[in-house]
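[1] Build me a model:
(chains A and B)
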Amino acid sequence: SQQGEEDPQALSIQEGENATMNCSYKTSINNLQWYRQNSGRGLVHLILIRSNEREKHSGRLRVTLDTSKKSSSLLITASRAADTASYFCATTYSGGYNKLIFGAGTRLAVHP
Amino acid sequence: DVKVTQSSRYLVKRTGEKVFLECVQDMDHENMFWYRQDPGLGLRLIYFSYDVKMKEKGDIPEGYSVSREKKERFSLILESASTNQTSMYLCASSFRQGRTDTQYFGPGTRLTVL
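    Residues are numbered from 1 along each chain as shown, chains lettered A, B, ... in the order given. Next up is the predicted model:
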C-alpha cells in the first residue's frame, strides 16, 4: 500500500535551474524522508523532516512539510548533471516499527 | 559509515529454483528490511525484522520467507522462484524507532527468473 505519491513522475531541466518535486501522503505521520536513487543502485537518504517541523535545509536541498494538506516538497537549487536520479519520499508513522512507506518516485533528468 | 552489503548484484535463476538473497549490515541496527522495486510501483515492503529471530510480514510477503539468525544478517528466501518474482531486491537496516528513522540501503540485487 503506497502512502506517498510523488508529482511529477518525471522532470527534465537544464543545469543551473531549480527542481521542485512534490509528495502527498494519506495518514498521520511521525516524519517524512526524501531519498535519492541513482540508476540501478540502492537508495541514499537525503533529508528527514519531523511532523512538527515546517521547513528544513541541507546544502542545496530545501524540504517543506504541510501536515494540514498532507504534502511535502523537495526543492533542489542550482541543479547539476550529477543530480540526475530518482527521488522518493517515504513516511513513517507511530507504532510502525520504523517501517517506511514509499511513493513511486520522481525521475529527474538534469541536462548539461 | 554505515555499510549494508548484499550477496549479489545480479542473479539469474530458473523457475522453481530455491533462491537465497543475503544482506549484512555492520552498524548493529535492530531493524532490517527487504523490499522489491518494480517500475512505476516504487518500493514495496516484503518482510522486516526488528530483532534476531523476529519477523513481520510487509505488504507483499506471498512467495517469500525470511531468516534472521544473527543481528547483522537478514536473508530473503524464494522457496520456488517464479517469473513474476523478477525484480530488483533492496535490503535496508535502521535503528529501532525512536532513535532515528533513517534507513540505510544496500546496492540491490537484480534478480531475473527465467
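[2] how about the residues of chain B near chain A?
    Within chain B, the positions lying close to chain A (CB under 8 Å from any CB of the partner chain) are B:4, B:31, B:33, B:35, B:40-45, B:48, B:50, B:56, B:58-59, B:88, B:90, B:92, B:94-97, B:100-108, B:110. For every residue, glycine as well, the C-beta is placed using N, CA and C.
[3] If I look at A:Ile49, what pLDDT would I see?
    pLDDT for A:Ile49: 94.
[4] my read is it is in a strand, agree?
    Yes: under DSSP: H, G, I helix; E, B strand; the rest coil, A:Ile49 falls within a strand.
[5] how near is it to A:Tyr35?
    According to CB to CB, to the nearest Å, A:Ile49 and A:Tyr35 sit 13 Å apart.
[6] Look at the two and report which has more neighbours.
    When neighbours are counted by other CB atoms under 10 Å in any protein chain shown, A:Ile49 and A:Tyr35 differ, and A:Tyr35 comes out ahead with 24 against 20.
[7] Please, which helix or strand holds that one?
    strand A:31-37 (DSSP states H and E).
[8] quick one: that strand near chain B?
    Yes: part of strand A:31-37 sits near chain B under the criterion CB under 8 Å from any CB, namely A:Asn31, A:Gln33, A:Tyr35.
[9] residue contacts, B:Met54?
    Contacts for B:Met54 (CB atoms under 8 Å, 6 or more residues apart in numbering or on different chains) come out as B:Arg68.
[10] Now the phi/psi pair for it, please.
    The phi/psi pair for B:Met54 (degrees, to the nearest 10) reads phi -100, psi 140.
[11] tell me which residues form a beta bridge with it?
    Note on B:Met54: beta-bridge partners B:Asp51, judged by DSSP bridges.
[12] Could you tell me the per-residue confidence at it?
    pLDDT recorded at B:Met54 is 93.
[13] For chain A, give me the ranges with low pLDDT.
    Within chain A, the ranges that satisfy pLDDT under 70 run A:1-4, A:94-98.
[14] Flag every residue of chain A that's near chain B.
    Contact residues, chain A versus chain B (CB under 8 Å from any CB): A:1-2, A:30-31, A:33, A:35, A:40-45, A:48, A:88, A:90, A:92, A:96-105.
[15] Please pick the buried ones from the residues you listed.
    Among those, those scoring as buried are A:2, A:30-31, A:33, A:35, A:41-43, A:45, A:48, A:88, A:90, A:92, A:97-105 (criterion: 16 or more other CB atoms under 10 Å in any protein chain shown).
[16] B:Asn84 looks like it's in a helix, true?
    Yes: according to three-state DSSP, B:Asn84 belongs to a helix.
[17] Now for it: which residues touch it?
    Applying CB under 8 Å, 6+ apart, no residues contact B:Asn84.
[18] Could you check the pLDDT of it?
    pLDDT recorded at B:Asn84 is 96.
[19] ok, it to chain A distance?
    19 Å (CB to the nearest CB, to the nearest Å).
[20] Which strand or helix spans the residue nearest the centre of chain B?
    The C-alpha lying nearest the average C-alpha coordinate of chain B belongs to B:Trp34 (CA atoms, centre = their mean; 2.7 Å). Using DSSP H and E, B:Trp34 sits within strand B:31-38.
[21] tell me the angle that strand makes with strand A:31-37.
    Interaxial angle of strand B:31-38 relative to strand A:31-37 (axes from the mean of the first three to the mean of the last three CA atoms, to 10 degrees): 60 degrees.
[22] No further queries at this time; thank you.
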